[in-house]
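**Q** the following block contains a protein sequence and its predicted model.
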Amino acid sequence: MNATAHALSSSRTLWDLVAGRADRTPDRPALLQDDRTPDRPALLQDDRTLSFGDLRARAERVAAGLYDMGVRPGTVVAWQLPTRFETALLSFALARLGAVQSPVIPFYRDREVGFALRESKAEFFAVPGVWRGFDHTAMARRLGAKGIFEAYATLPDGDPSVLPPPPAEGTSVRWIYWTSGTTSDPKGVLHTDRSLIAGGSCLAHALRPTADDIGSIAFPYAHIGGPDYMVMVLLYGFPAVMFEQFALPEALEGYRRHGVTIAGGSTAFYSMFLNEQRGQPDGTKAVPSLRLLAGGGAPKPPELYHCVVREMGVQLTHGYGMTEVPMITMGAPDDTAENLATTEGRPPREMEIRIVEGEVRLRGEAVCQGYLDPAQTAAAFDEEGFLRTGDLGYLTDSGHLVLTGRLKDVIIRKGENISAKEIEDLLHRHPAVGDVAVIGLPDPVRGERVCAVVEQPAGAGPLTLQALTSYLRGEGLSTHKLPEQLEVVDALPRNDTLRKVLKYKLRERFSGA
């Protein structure tokens, strides 16, 4: 980490970080908005640039407008907005005021949004109006939300002279993030400015970007990765391109036009870029300026790493994080190929990792303060203050973390524990497998049986259970771990944020098969 980034990483609050960067490089670009979307003709599109100085000045004006509306330090403001300048400006304006903000993923609908509004007791709710054909304002009214205001192309505006002093400390809870609910309601995760700065510092320390890099934010800014990435941008003073809608190949032109050097998001993003590269004529690079793919949020098969490096000619570094701890470990560009392919990277000095009966437990400044529900907080932390992640793994002699699965993702067949991830990693090498999820299904004799659900690549021939198990035997997989059921699907079900596979939907679908 360079001297300036190191100095800024000690900022007490996110607003301190914004102000510090604006003082150092006010005229350098901070954010680039890629406004070319499939539903807007090219002639009507105009990419925008926001400098670090503009970021501070405009966020202060938005803060003043919010103050005029009645937002004060400690006021809970929920927002459900896409990845745009305006979203970042609103979020930093709320940070300037010391309000408590509750970001909500823009793809969520009545059930999840209503739950978040009720549980957070939000006094204001910012929405984009009609976005991608859905009327968010109408939904907010339907849910009885308080203080509804639209914040898409326009934002509240006011005279910054009315503002109280910015927050003096960053250890109060000022963020409520939401875990992605699956079979139960989401949990409200409590963060401070300092925990978000610590997470972003870990990412920056591992990736070591330079001021000459061009980053990209193609995932929902309301995800915990939003502030994580922005902290890195502020620490190192390089710009990031914001993609309001991410789809390939449509977004490739934006990556090329802006000269993006660092891209990614999650495993699904890597696969999408790789597929685009495979479609390029004569081996031309899909994004000539790209040097690094980076991300996290979902398991990464080792074979995917090798394919990206070999076929795209770029480095791939993968990390481990969650809503409760935005960045735990991260691969570094100068790690060995073996470590980058098979591990989640190393933690920073400030992150303590303890393995207890195979479970990964965490303690450090980037760890959340708990949950809105005190009972959930009590259950999540052990007696020494370590967060129970529910993930299984181990640390190598070099300090790299290897994840082997989830506590809930262990298949117990005839009393034997089977790792779904071990089988998935092997199947990712099979040419007739594009993506795969291995799940345990109820079985009256075995307790659980192993089921492989496969998404095949275009042009692949039919896949049979016999061919699949024969391949796994050849790879040395123990007989008791072999799948006893194969299901081939057009597409695996995924969430709308980092495109993680939703295994609970597969269990629901195939449990009666």
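**A** Nice, thanks for sending it over.

**Q** angles on the backbone of Glu311, please.
**A** The phi/psi pair for Glu311 (degrees, to the nearest 10) reads phi -90, psi -30.

**Q** pretty sure it contacts Gln280?
**A** No - using CB atoms under 8 Å as the test, Glu311 is too far from Gln280 to be in contact (9.8 Å). C-beta here means a position set from N, CA and C on the backbone, and glycine is covered the same way.

**Q** any residues in contact with both of those two?
**A** With CB atoms under 8 Å, 6 or more residues apart in numbering applied, the contact sets of Glu311 and Gln280 do not overlap.

**Q** residues touching Thr25, list them.
**A** Applying CB under 8 Å, 6+ apart, one finds that Thr25 lies in contact with Phe52, Ala211, Gly237.

**Q** can you do 6 Å?
**A** The neighbours of Thr25, taking CB atoms under 6 Å, 6 or more residues apart in numbering as the test, are Phe52, Gly237.

**Q** chain neighbours aside, what residue packs nearest to His258?
**A** Nearest residue to His258, sequence neighbours excluded (CB to CB, 6 or more residues apart in numbering): Val241, at 4.7 Å.

**Q** which SSE is that neighbour in?
**A** Per DSSP states H and E, Val241 falls inside strand 240-243.

**Q** rounded mean pLDDT for that strand, please.
**A** Across strand 240-243, the average pLDDT comes to 96.

**Q** and that strand, what does it pack against?
**A** Packing partners of strand 240-243 (3 or more CB pairs under 6 Å, 6 or more residues apart in numbering; DSSP states H and E): strand 29-34, strand 215-217.

**Q** comparing those strands, which comes out most buried?
**A** Most buried of these, by mean neighbour count (mean count of other CB atoms under 10 Å): strand 215-217, with a mean of 26.

**Q** how far off centre is the helix or strand following it?
**A** Next helix or strand after strand 215-217 toward the C-terminus (DSSP H and E): helix 225-236. Relative to its parent chain, helix 225-236 has a centroid offset of 12 Å by CA atoms, centre = their mean, to the nearest Å.

**Q** do stretch 197-205 as well
**A** Chain-centre distance of stretch 197-205: 14 Å, with CA atoms, centre = their mean.

**Q** restrict it to CA atoms and write it as PDB.
**A** Output in PDB follows, covering the C-alpha atoms of stretch 197-205 (Å, rounded to 0.1, in the frame of the first residue of the first chain):
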ATOM      1  CA  ILE A 197     -13.000   0.900   5.600                       C
ATOM      2  CA  ALA A 198     -11.200  -2.200   7.000                       C
ATOM      3  CA  GLY A 199     -12.800  -4.400   4.400                       C
ATOM      4  CA  GLY A 200     -12.000  -2.100   1.500                       C
ATOM      5  CA  SER A 201      -8.400  -1.800   2.800                       C
ATOM      6  CA  CYS A 202      -8.000  -5.500   2.700                       C
ATOM      7  CA  LEU A 203      -9.100  -5.600  -0.900                       C
ATOM      8  CA  ALA A 204      -6.800  -2.700  -1.800                       C
ATOM      9  CA  HIS A 205      -3.800  -4.200   0.000                       C
END
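
**Q** quick check: mean pLDDT of it?
**A** Taken as a whole, stretch 197-205 carries a mean pLDDT of 92.

**Q** contacts for it next, please.
**A** Outside stretch 197-205, the residues touching it (CB under 6 Å, 6+ apart) are Met1, Ser9, Asp228, Val231, Met232, Leu235, Pro326, Met327, Met330, Pro348, Glu365, Ala366.

**Q** could you rerun that using 7 Å?
**A** Under the contact criterion CB atoms under 7 Å, 6 or more residues apart in numbering, stretch 197-205 has outside partners 1, 5, 9, 11, 14, 17, 170, 227-228, 231-232, 235-236, 325-327, 330, 348, 350-351, 365-366.

**Q** doesn't Asp34 make contact with the residue nearest to His258?
**A** Yes - between Val241 and Asp34 there is a contact at 5.3 Å, judged by CB atoms under 7 Å.

**Q** are there residues contacting both of the two? Which ones?
**A** Gly254, His258.

**Q** excluding its backbone neighbours, what's nearest Pro348?
**A** Distances taken as CB to CB, 6+ apart put Cys202 closest to Pro348, at 4.6 Å, once the chain neighbours are dropped.

**Q** if you count neighbours, what's buried in the helix or strand hosting the one you found?
**A** Element membership for Cys202 (DSSP H and E) is helix 193-207. Residues of helix 193-207 classed as buried: 193-207 (neighbour count, 16 or more other CB atoms under 10 Å).

**Q** stretch 265-285 too?
**A** The neighbour-count check on stretch 265-285 (16+ other CB under 10 Å) flags Gly265, Ser266, Thr267, Ala268, Phe269, Tyr270, Ser271, Met272, Phe273, Leu274, Glu276, Gln277 as buried.

**Q** just stretch 375-390 next, same as before
**A** Neighbour counts over stretch 375-390 (16+ other CB under 10 Å) mark Thr377, Ala380, Phe381, Phe386, Leu387, Arg388, Thr389 as buried.

**Q** ok, stretch 50-60 next?
**A** Leu50, Ser51, Phe52, Gly53, Asp54, Leu55, Arg56, Arg58, Ala59, Glu60.

**Q** with respect to Val287, which of those is nearest?
**A** Leu50 (22.5 Å; CB to CB).

**Q** please name the nearest non-neighbouring residue to the closest one.
**A** Leu31 (4.4 Å).

**Q** returning to that earlier point: for the buried residues of stretch 50-60, which one is nearest Ile217?
**A** Using CB to CB, Leu50 comes nearest to Ile217 of the buried residues of stretch 50-60, at 12.6 Å.

**Q** where does the closest one sit: helix, strand or coil?
**A** strand (DSSP: H, G, I helix; E, B strand; the rest coil).

**Q** that one contacts Arg84, doesn't it?
**A** No - assessed by CB under 7 Å, Leu50 is found out of contact with Arg84, at 10.5 Å.

**Q** so Glu112 belongs to a strand, correct?
**A** No - with three-state DSSP as the criterion, Glu112 is located in helix rather than a strand.

**Q** give me the neighbour count for it.
**A** Other residues near Glu112 number 18, with proximity taken as other CB atoms under 10 Å.

**Q** now swap in Leu427 and tell me
**A** Neighbourhood size, Leu427 [other CB under 10 Å]: 24.

**Q** now it, nearest residue through space, not along the chain?
**A** Leu427 sits nearest to Val436 (CB to CB, 6+ apart), 4.6 Å away.

**Q** ramachandran coordinates for the nearest residue in space to His428 that is not next to it in sequence?
**A** Excluding the flanking residues, the one nearest His428 by CB to CB, 6+ apart is Pro301, at 3.8 Å. Note on Pro301: backbone dihedrals following degrees, to the nearest 10 are phi -70, psi 140.

**Q** run a quick check on Pro301 versus Arg429, I expect a contact.
**A** No - using CB under 7 Å, Pro301 is not in contact with Arg429, being 8.1 Å away.

**Q** and those two? Which one has more around it.
**A** Comparing Pro301 with Arg429 by other CB under 10 Å, the one with more neighbours is Pro301, at 23 against 15.

**Q** cool, thanks, signing off.
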